[in-house]
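Peer 1: With the sequence up front, the predicted model follows.
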Amino acid sequence: MHPAHPHRITPAAATWCGLAATATALGTGHLVAALIEPRASPFLAVGNAAIDRTPEPVKHFAITTFGQADKLALLTGMALVLTALAATAGLLSRRTPLPGTALITAAGLLGTAAVLTRPDTGTAGILAPLTATLAGIAAFRALHRTAPTTTTPPPPPTHDPHDTLEEPLDPALLPGTTHPDRRRFLATSAAITATAGLTATTGALLSGGRDTETARRTIARTLPPASTPTPGTDFADAGTPTFITPNDDFYRVDTALSIPRIDLTDWRLRVHGMVDRELDLDFTALRRFPQTTRTITMTCVSNEIGGPYTSTAEFTGVPIRDVLLAAGIRPGAEQVFSTSTDGFTAGTPVDVLLEPDRGALLAYGMNGEPLPAAHGFPVRMVTPGLYGYVSATKWLTDLELTTFDQQAYWIRRGWGRLAPIKIQSRIDTPGGFGRIPAGRTTIAGTAWAQPIGIERVEVRADGGPWHTARLSTEVNPNTWRMWRCELDLPPGGHTIECRATDHNGTTQTPRRAPVLPDGATGWHSVFCTAR
């Protein structure tokens, strides 16, 4: 007699069990979250938790390396790690489903913890990761039961010379023999794969449907049309950006892993804290304040020297100053602590927002259109002259008048509290290591110094004398100005530098400083070859 030998599912089937079960869990969680709270989707909740807990140097590296694709890079990295873990869970479960079940349960607990620690998800949000965990376990065990198996080869038989009877070997125990019905496994796999795809797709459609076009069209009818560009405000023909940045090209840097989709009828703005009277405004009440349109250049503090994170748009909204005065500000209030629907916070100095000429807005329009979802629909803050991390909260839902003792998102992570935008200039053409014609050559670029404005830009080659550039028409001190300059460059390599001076007579410093803690400084330079 031969002892029974253990069965193991094949490596390919084991891997598939882990992958398909994980996909089912994610799809189910995404669907349940779409019905309850989209940001409770386990994959997104863990990603957002990772963003919040990532060390500052790593965040800066991601923004510097991947730019506006940093969130896509994070999601891709998470997907790769999750795929590896799912495959590992399957392979560890070739003999028994217990290891895979344990790993799926651990992942579910991680997703639940991520949801519970997010400021933008309620307690009901834990239904998404919990349901996802149960669906993943059920899918894994169903696949495991029907997966094709192999047997462990039996040990060589010991021959007993006195044993004259040979017991025939059971063919089912031969190495490589498959046992469960393969068609049943394929049918189970097809059903589970279809379920994973259907739940994920339905969840995505439901999550994306909250930003209704009907509400956007309602806002659009009350917005002034985008103005015709003033002649001479840019040198786009020489290689600079256009003066007004199209909405699709406007830079985006924020902490939201997924773009919040807000129903306009549910949106409210609370103004409270150190005020004489609290305000609770829906969109209709906000629109009762006087509407204005202002052209403003916004700049991100993550912008390296010569970087792309600056853009200009016509923003339409109501002055923040008017709303704050309507609430009445009590003595001692130092900052407006703003909160986004996704839990992001920023602290803006009260005295800046109260400046009559500053022009800070609660904006709901952008270049003649309602705010795009990616830029804060339905309402965001726009404050000229301050970097966005202290002044430009998107998807705005709360304004609290308080002191600086209450620290906002980036301040807790070591960034500066006040964050005035620094004088900067950038060479747009030629690009770094570019080739240009020898002789008379056009150098063109962009400069900004909100809210003071640019007075002069100078350019030089190879450390030689400075040449004053021609400036584009100034629209207002809160916007960038383009510049161009003609230089005589002989054949060979050349290093070109630029520097700007604002209307107060302050010239851009040559001292190089990183973006942390309150914005980069230094002259931008490019190396090019004239031929």
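Peer 2: That came in fine, so what should we check first? Residues are numbered from 1 along each chain as shown.
Peer 1: Dihedrals phi and psi, Pro490?
Peer 2: phi -70, psi 170 (degrees, to the nearest 10).
Peer 1: Identify the residue nearest it in space, chain neighbours excluded?
Peer 2: Nearest-residue entry for Pro490: Ala438, 6.0 Å, with adjacent residues in sequence omitted and distances by CB to CB, 6 or more residues apart in numbering. To be clear about C-beta, it is placed using only N, CA and C from the backbone, and glycine gets the same treatment.
Peer 1: ok, now Val253?
Peer 2: That would be Cys300: by CB to CB, 6+ apart, it lies 4.7 Å from Val253.
Peer 1: And the one you found, what's its pLDDT?
Peer 2: On the pLDDT scale, Cys300 is placed at 96.
Peer 1: swap in Glu213?
Peer 2: At Glu213, pLDDT is 68.
Peer 1: Correct me if wrong: the residue nearest to Pro490 contacts Asp488.
Peer 2: No - in this structure, Ala438 is not within contact of Asp488 by CB atoms under 8 Å, at 9.0 Å.
Peer 1: With neighbour numbers in mind, choose between those two.
Peer 2: Higher neighbour count among Ala438 and Asp488: Ala438, with 14 against 11, using other CB atoms under 10 Å.
Peer 1: Now do the contacts for that one.
Peer 2: 489-491, 530-531 (CB atoms under 8 Å, 6 or more residues apart in numbering).
Peer 1: give me the number of residues near Arg53?
Peer 2: Arg53 has 9 neighbouring residues, counting by other CB under 10 Å.
Peer 1: meant to ask about Leu516
Peer 2: Neighbour count of Leu516, defined by other CB under 10 Å: 17.
Peer 1: Ok, the one 5 residues further on next?
Peer 2: For Thr521, the count of nearby residues is 17 (other CB under 10 Å).
Peer 1: show me the contacts for it.
Peer 2: Neighbour list for Thr521: 305, 422, 508-509, 511-513 [criterion: CB under 8 Å, 6+ apart].
Peer 1: how about a cut-off of 10 Å?
Peer 2: By CB atoms under 10 Å, 6 or more residues apart in numbering, Thr521 lies in contact with 305, 422-424, 508-515.
Peer 1: again with Ala196
Peer 2: 19-28, 30, 135-136, 139.
Peer 1: which of those lies closest to Ala449?
Peer 2: Ranked by distance to Ala449 (CB to CB), these are led by His30 at 45.2 Å.
Peer 1: Could you check how far the closest one is from Ala40?
Peer 2: According to CB to CB, to the nearest Å, His30 stands 10 Å off from Ala40.
Peer 1: more neighbours, those two?
Peer 2: Neighbour totals were compared for His30 and Ala40, and Ala40 leads with 29 against 26 (other CB under 10 Å).
Peer 1: Would you confirm that that one contacts Asp120?
Peer 2: Yes - if you go by CB atoms under 10 Å, Ala40 and Asp120 touch, sitting 9.1 Å apart.
Peer 1: residue ranges of the helices in the stretch 151-300 of the chain, please?
Peer 2: Along the stretch 151-300 of the chain, the stretches classed as helices by DSSP state H, counting those that start in this stretch are 182-208, 213-220, 283-286.
Peer 1: What helices and strands are in contact with the shortest one?
Peer 2: It refers to helix 283-286. Counting contacts by 3 or more CB pairs under 10 Å, 6 or more residues apart in numbering; DSSP states H and E, helix 283-286 packs against helix 213-220, strand 268-273, strand 361-366.
Peer 1: Who are the packing partners of the first one?
Peer 2: This means helix 213-220. Using 3+ CB pairs under 10 Å, 6+ apart, helix 213-220 is in contact with helix 283-286, strand 361-366, strand 369-370.
Peer 1: okay if I get these as TSV plus mean pLDDT, distance to Ile126 and mean neighbour count?
Peer 2: Converted to TSV, the helices and strands packed on helix 213-220 look like this (pLDDT from 0 to 100; distance: least, CB to CB, whole Å; neighbours: other CB atoms under 10 Å):
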stretch	mean pLDDT	distance to Ile126	mean neighbour count
helix 283-286	96	31	15
strand 361-366	97	33	24
strand 369-370	95	33	20
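Peer 1: quick one: which of the ones you listed is nearest Val379?
Peer 2: Of the helices and strands packed on helix 213-220, nearest to Val379 by CB to CB is strand 361-366, at 5.1 Å.
Peer 1: So for Val352, what pLDDT did the model give?
Peer 2: The model reports Val352 with a pLDDT of 97.
Peer 1: And the contacts of the strand or helix carrying it?
Peer 2: For Val352, the host element (DSSP states H and E) is helix 350-354. Defining contact as CB under 10 Å, 6+ apart, one finds that helix 350-354 is touched by 274, 319-321, 323-325, 329, 332-336, 358, 360, 381, 383-386, 390-391, 399, 401-403, 418, 420, 451.
Peer 1: re the thing from before, what is the most widely separated pair among the contacts of Ala196?
Peer 2: Using CB to CB, the pair of the contacts of Ala196 lying farthest apart is Leu19 and His30, separated by 16.6 Å.
Peer 1: Can you pull out the low-pLDDT segments for the stretch 151-300 of the chain?
Peer 2: Residues of the stretch 151-300 of the chain that meet the criterion pLDDT under 70 lie in 151-181, 207-213.
Peer 1: and with 90 instead?
Peer 2: The model of the stretch 151-300 of the chain has pLDDT under 90 over residues 151-184, 186, 193, 195-197, 199-222, 227-230, 255-263, 265-266.
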